[in-house]
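Trainee: Sequence isn't available, so here's the structure alone:
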């Protein structure tokens, strides 16, 4: 995947901040775990995972991971390949080479006229790069590249396979064969009824192609193909791997399938595989690794059982946080995670949670509420089990909660709803709320605050009426709130703001926070925690309260791409971005395979902050990505269209 994908994820933010003591900055915690794994490679005892946030290395079969991205200026890693002691990474910004297991990287793109690299293959001393502009060949470890596309009538190359002197390329127009290192190509698609080829694998004299229409087998170097899909319940096949006599297929929705007879029959092998969108495989001895959009899974018994191996792989979206006693909960797009040690480690707690897109969490006594893309869920046992509680809730996309005594407030895409009976029934309370997309709610004394796409609103009568209060709030897309004593914090698409007078005035408190889209906030002990698309961050409360007024928001000092709002959306959403130096700017929309869908910005921009609306009325529901390029700055984020 996470590609384009979670693909998945999240690009380098080149932000520059004021030099201050470490005690007056935000610090990132470890976790929670999971992420979009687009590519995998094995070199001896090293396992490399390519994600939206760069390359991660594990030296212990995935038990723990370390980011290895020094010099990798584009961290959207679609492909990985090993050649001797050389490791190649194909990214959205070209090919990078590491000769020291990812400790450092160097761009090797001379002659590479197309820098979106979907696939890399090694054949002897030849390195092949499959791009959205065809195939390129390097005979000197990437020092220089030459286009080798003669006869290649489709130049979007997703996959390679090497068999003796034969080089196969999988494109969105079928399979092509070269017998002379790419000098010439011939289409080999007879009986290949689906020509969107995402993956290729060779086993002896058998060539397998994973397509949007299932798996196809050729026993004659592609001269003819036969569909081999019996038992394969999902026919969108992202990845194929061969291990001995076993053939594995990774699909878009139904997980991993195993065939022991060259695809004649398939059996699902998903026990323990909690995410069934499988983008990549890697084989190391008797270990099989599967890359999904929530992390890496390991099977030591040919897929009979899987175990998540993501400790330290901090590539995930953190939407919400809640504290109950010594328990810290976080809601992600992969469900709810629990930490009992201040965020050092996390455990998934999702039994009964039939919708795991968790945008909000709230604790009230022994009751824990989760707001999801499928309504409200209640747990009375710290997330061990969940029950849906949605009667009267006309919008089932629940962004936020607030608790006041026996009153539970839910912020949705259609305004605020009130329950006085622990979610058994709900009533709308929206008078004066001019923006109904309520991302965040909080109660402070007799005051109820709502964060919306149009700023902060205040109600002093349990939602019966609302008033806008936005003075000093330079960013009016409000995702989150939390309270500490008389201090009110709000998380926006432009960072954290503090009010000491119930929202009458706001001041930014963002030093050190390099992920300014703040989805969630929570106070635990003497610290404020933020959940962002760059993980969880922590800052001592005393620093912000003492230093209020030290931070100023004038012209942007860094390039930045904000998360679209709303997200999920239907059919329009707003994308904001900042340009710190006059640049030629493009923003492009891609599908999950990296196919360009639309260009919504393509022009020179002076220094400033900008906003643009994207209309997806002509697209089908699903996950898409938008990418900002401005000079050398590149950042990619995920958007979700729900119709």
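Mentor: Structure received. None of these values were measured; they are calculated from a predicted model.
Trainee: so who does residue 189 touch?
Mentor: 174, 175, 195, 222, 225 (Cβ atoms under 8 Å, 6 or more residues apart in numbering). Just so you know, the C-beta spots here come from the backbone N, C-alpha and C atoms, and that holds for glycine as well.
Trainee: looking at these, which has the most residues close by?
Mentor: residue 175 (28 neighbours; other Cβ atoms under 10 Å).
Trainee: Counting by contacts, list what the helix or strand that contains it packs against.
Mentor: Using DSSP states H and E, residue 175 sits in strand 174-178. For strand 174-178, the packing partners by 3 or more Cβ pairs under 8 Å, 6 or more residues apart in numbering; DSSP states H and E come out as strand 166-171, strand 186-187, strand 197-203.
Trainee: Kindly reformat those as JSON lines containing distance to residue 106.
Mentor: Output for these, formatted as JSON lines (distance: least, Cβ to Cβ, whole Å):
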{"stretch": "strand 166-171", "distance to residue 106": "26"}
{"stretch": "strand 186-187", "distance to residue 106": "35"}
{"stretch": "strand 197-203", "distance to residue 106": "28"}
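Trainee: okay if I get those as TSV plus mean pLDDT, distance to residue 119 and mean neighbour count?
Mentor: Listed next are the helices and strands packed on strand 174-178 as TSV, based on pLDDT from 0 to 100; distance: least, Cβ to Cβ, whole Å; neighbours: other Cβ atoms under 10 Å:
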stretch	mean pLDDT	distance to residue 119	mean neighbour count
strand 166-171	92	8	25
strand 186-187	94	18	16
strand 197-203	89	9	23
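Trainee: how about the ones you listed, which one is nearest residue 142?
Mentor: strand 166-171 (17.3 Å; Cβ to Cβ).
Trainee: the inter-axis angle of the closest one versus strand 197-203?
Mentor: Orientation check (axes from the mean of the first three to the mean of the last three Cα atoms, to 10 degrees): strand 166-171 against strand 197-203 gives 160 degrees.
Trainee: Mind listing residues that contact strand 166-171?
Mentor: 119, 121, 123, 128, 130, 135, 152, 154-162, 175-179, 181-182, 185, 188, 195, 197-200, 202, 207, 209, 221-222.
Trainee: Restricted to buried residues, select the residues you listed in ChimeraX.
Mentor: Buried subset of the contacts of strand 166-171, written as a ChimeraX selection, criterion 16 or more other Cβ atoms under 10 Å:
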select :119,121,123,128,130,135,152,154,155,156,157,158,159,160,161,162,175,176,177,178,181,182,185,188,195,197,198,199,200,202,207,209,221,222
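Trainee: returning to that earlier point: quick one: the strand holding residue 175 to strand 166-171, angle?
Mentor: 150 degrees.
Trainee: Which one of the contacts of residue 189 is nearest to residue 572?
Mentor: residue 195 (33.4 Å).
Trainee: If you average the pLDDT over stretch 427-441, what comes out?
Mentor: Here stretch 427-441 scores 85 as its mean pLDDT.
Trainee: How far does it sit from its chain's centre?
Mentor: 29 Å (Cα atoms, centre = their mean, to the nearest Å).
Trainee: and the end-to-end length of it?
Mentor: Start to finish, the residues bounding stretch 427-441 are 16 Å apart (Cα to Cα, to the nearest Å).
Trainee: Do I have it right that residue 42 meets residue 87?
Mentor: No - using Cβ atoms under 8 Å, residue 42 is not in contact with residue 87; the gap is 10.7 Å.
Trainee: The protein: helices as residue ranges?
Mentor: 541-546 (DSSP state H).
Trainee: end to end, how far does stretch 562-575 reach?
Mentor: Terminal residues of stretch 562-575 are spaced 7 Å apart (Cα to Cα).
Trainee: quick one: average pLDDT of it?
Mentor: Mean predicted lDDT for stretch 562-575 stands at 84.
Trainee: Please give the centre-to-centre distance between that stretch and its chain.
Mentor: 15 Å.
Trainee: List the buried residues in that stretch.
Mentor: By 16+ other Cβ under 10 Å, the buried positions in stretch 562-575 come out as 562, 563, 564, 565, 566, 567, 568, 569, 573, 574, 575.
Trainee: what two of these are the furthest from one another?
Mentor: Longest span within these, Cβ to Cβ: 562 and 568, 16.2 Å.
Trainee: Check the burial of the nearest residue to residue 563 once chain neighbours are set aside by counting its neighbours.
Mentor: Closest residue to residue 563 apart from its sequence neighbours, by Cβ to Cβ, 6 or more residues apart in numbering: residue 517 at 4.5 Å. Using other Cβ under 10 Å, residue 517 has 25 neighbouring residues.
Trainee: ok, residue 517 to residue 82 distance?
Mentor: Residue 517 sits 35 Å away from residue 82, taking Cβ to Cβ, to the nearest Å as the criterion.
Trainee: what about residue 604, neighbour count?
Mentor: By other Cβ under 10 Å, 9 other residues sit near residue 604.
Trainee: repeat for the one 5 residues further on
Mentor: For residue 609, the tally of surrounding residues (other Cβ under 10 Å) stands at 17.
Trainee: cool, and residue 325?
Mentor: Look at residue 325: counted by other Cβ under 10 Å, it has 9 neighbours.
Trainee: same check, this time on residue 193
Mentor: 11.
Trainee: again, but for residue 384
Mentor: 13.
Trainee: Name all residues that make contact with residue 349.
Mentor: Per Cβ under 8 Å, 6+ apart, neighbours of residue 349: 329, 335, 336, 337, 338, 379, 382, 383, 384.
Trainee: Among those residues, which one lies nearest to residue 448?
Mentor: residue 329 (22.1 Å).
Trainee: Just the buried positions in stretch 486-495, please.
Mentor: Buried residues in stretch 486-495, counted by 16+ other Cβ under 10 Å: 487, 488, 489, 490, 491, 492, 493, 494, 495.
Trainee: how about a markdown table for the residues you listed, with distance to residue 249 and pLDDT added?
Mentor: Below are these laid out as a markdown table (distance: Cβ to Cβ, whole Å; pLDDT from 0 to 100):
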| residue | distance to residue 249 | pLDDT |
| --- | --- | --- |
| 487 | 54 | 83 |
| 488 | 52 | 89 |
| 489 | 48 | 90 |
| 490 | 47 | 89 |
| 491 | 41 | 87 |
| 492 | 43 | 87 |
| 493 | 40 | 83 |
| 494 | 44 | 81 |
| 495 | 44 | 83 |
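Trainee: from the residues you listed, which two are the most distant?
Mentor: 487 and 493 (21.1 Å).
Trainee: From residue 260, how far out is the residue lying closest to residue 76 once chain neighbours are set aside?
Mentor: Distances taken as Cβ to Cβ, 6+ apart place residue 92 nearest to residue 76, at 4.2 Å, with adjacent residues excluded. Between residue 92 and residue 260 the distance is 37 Å, computed by Cβ to Cβ.
Trainee: can you check residue 458 too?
Mentor: 65 Å.
Trainee: How about residue 227?
Mentor: Counting by Cβ to Cβ, the gap from residue 227 to residue 260 is 18 Å.
Trainee: Pick out whichever of the two has more residues nearby.
Mentor: Comparing residue 227 with residue 260 by other Cβ under 10 Å, the one with more neighbours is residue 227, at 18 against 14.
Trainee: got the contact list for that one?
Mentor: Counted by Cβ under 8 Å, 6+ apart, residue 227 has contacts 193, 213, 214, 215, 216, 217.
Trainee: Quick check on the residues you listed: which are buried?
Mentor: Among the contacts of residue 227, those classed as buried by 16+ other Cβ under 10 Å are 213, 214, 215, 216, 217.
Trainee: shaky segments in the stretch 101-250 of the chain?
Mentor: Within the stretch 101-250 of the chain, not a single segment meets pLDDT under 70.
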